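In: Quick one: sequence and predicted model below, then my questions.
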Amino acid sequence: MPSLSVHPTTRLIVWLLLLVAVQCLSGTALAAAFLLLPLLGSCVLRRGWHLIWRARWLLVSVLVIFSWGVAGEPLWKGAAAPTHEGLLEGLTHLGRLVLVLIAVATFLEAMPLPELLAATHALLKPLRRFGLDPDRGVVRLMLVLRYVEQLPRPRDWRTLLDAPASSESELVEVNHQPLRGLDYVVTLTLAVVVTFFCFR
């Protein structure tokens with residue numbers, strides 16, 4: 001009996017489509033998405049909070065730029081008052097960025113590294129005709145993920161120079177699996193739904 005699990009590449013495409021859908025959320029839909037976050041589990045939320053904390057200054061900057069940079073009705077009387085429209089737009093973009101970070105945490109928690117490398121390789125393979133080498137792309141992705149996950153946060157830039165160099169003799173194995181009919185159905189269905197949702 002064939003398995004109903006989808007290909008890692010399909011899961012990667014679905015995740016990318018969900019990131020597009022997040023950028024279309026606002027108002028009630030955006031608030032409802034935050035209410036559903038506890039369903040992801042404590043491990044995902046813990047990892048997501050770690051990403052949010054590391055990006056805290058970017059998130060604060062986005063809120064400040066929109067709150068004081070968008071024209072509209074001031075929240076209070078005074079020269080330094082943010083605008084009502086700017087604050088709402090800033091909170092919308094802030095919410096979308098937080099959901100993106102949670103989505104990244106969910107993806108990294110649910111997708112093992114070998115499957116992620118296989119999915120990336122299959123996704124980049126059609127670009128070989130344009131001069132992009134998918135093998136090098138997969139290796140670079142692995143090195144970036146290893147750097148982010150394993151290298152401790154330095155308090156001094158000189159500690160980066162003491163970081164151990166990666167082994168030149170290390171082998172990277174990528175498991176190649178063919179896409180099945182279910183993968184095409186899932187990808188096409190979600191692409192149609194996201195397109196309708198964002199461009200209705």
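Out: Received, thanks.
In: After the helix or strand of the chain with the lowest mean pLDDT, which helix or strand is next?
Out: Here the helix or strand of the chain ranked lowest by mean pLDDT, DSSP states H and E is helix 158-161, holding a mean of 54. Using DSSP states H and E, the next helix or strand after helix 158-161 towards the C-terminus is helix 181-198.
In: Pull out the buried residues from that next one.
Out: Buried positions in helix 181-198, judged by neighbour count with 16 or more other Cβ atoms under 10 Å: 183, 186-187, 190, 194. Every residue, glycine included, has its C-beta placed from N, CA and C.
In: would you list every one of the helices in the chain?
Out: Remark: helices assigned in the chain by DSSP state H are 8-22, 27-35, 42-54, 56-69, 84-110, 113-124, 134-150, 158-161, 181-198.
In: Would you mind saying which of these lies nearest residue 78?
Out: Using Cβ to Cβ as the measure, helix 56-69 is the one of these that comes nearest residue 78, at 12.0 Å.
In: before we move on, back to that, reformat the helices of the chain as TSV; add distance to residue 78.
Out: Listed next are these as TSV, based on distance: least, Cβ to Cβ, whole Å:
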stretch	distance to residue 78
helix 8-22	35
helix 27-35	28
helix 42-54	31
helix 56-69	12
helix 84-110	14
helix 113-124	50
helix 134-150	42
helix 158-161	45
helix 181-198	38
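In: Confidence-wise, which of the ones you listed is weakest overall?
Out: The weakest mean pLDDT among the helices of the chain belongs to helix 158-161, with a mean of 54.
In: any idea which of the buried residues of helix 181-198 is closest to residue 76?
Out: Residue 76 has its nearest neighbour among the buried residues of helix 181-198 in residue 194, at 39.4 Å by Cβ to Cβ.
In: From residue 15, how far out is that closest one?
Out: Distance, residue 194 to residue 15, using Cβ to Cβ, to the nearest Å: 12 Å.
In: Residue 31 now?
Out: From residue 31 over to residue 15 the distance is 22 Å, taken as Cβ to Cβ.
In: which ones are touching the residue most central in space within the chain?
Out: With distances taken as Cα atoms, centre = their mean, the residue of the chain nearest its centroid is residue 104 (3.8 Å). Contact analysis of residue 104 by Cβ atoms under 8 Å, 6 or more residues apart in numbering lists 48, 51.
In: wait, isn't residue 19 in contact with residue 101?
Out: No - counting by Cβ atoms under 8 Å, residue 19 sits too far from residue 101 to count as a contact (10.8 Å).
In: Comparing those two, which shows the higher neighbour count?
Out: residue 101 (21 against 16; other Cβ atoms under 10 Å).
In: If we ignore the residues flanking it in sequence, what's nearest the more buried one?
Out: Nearest residue to residue 101, sequence neighbours excluded (Cβ to Cβ, 6 or more residues apart in numbering): residue 51, at 4.4 Å.
In: thought the one you found was touching residue 106?
Out: No - counting by Cβ under 8 Å, residue 51 does not reach residue 106; the two are 10.7 Å apart.
In: Neighbour count for these two, which is higher?
Out: A direct count of neighbours by other Cβ under 10 Å for residue 51 and residue 106 places residue 106 higher, at 20 against 16.
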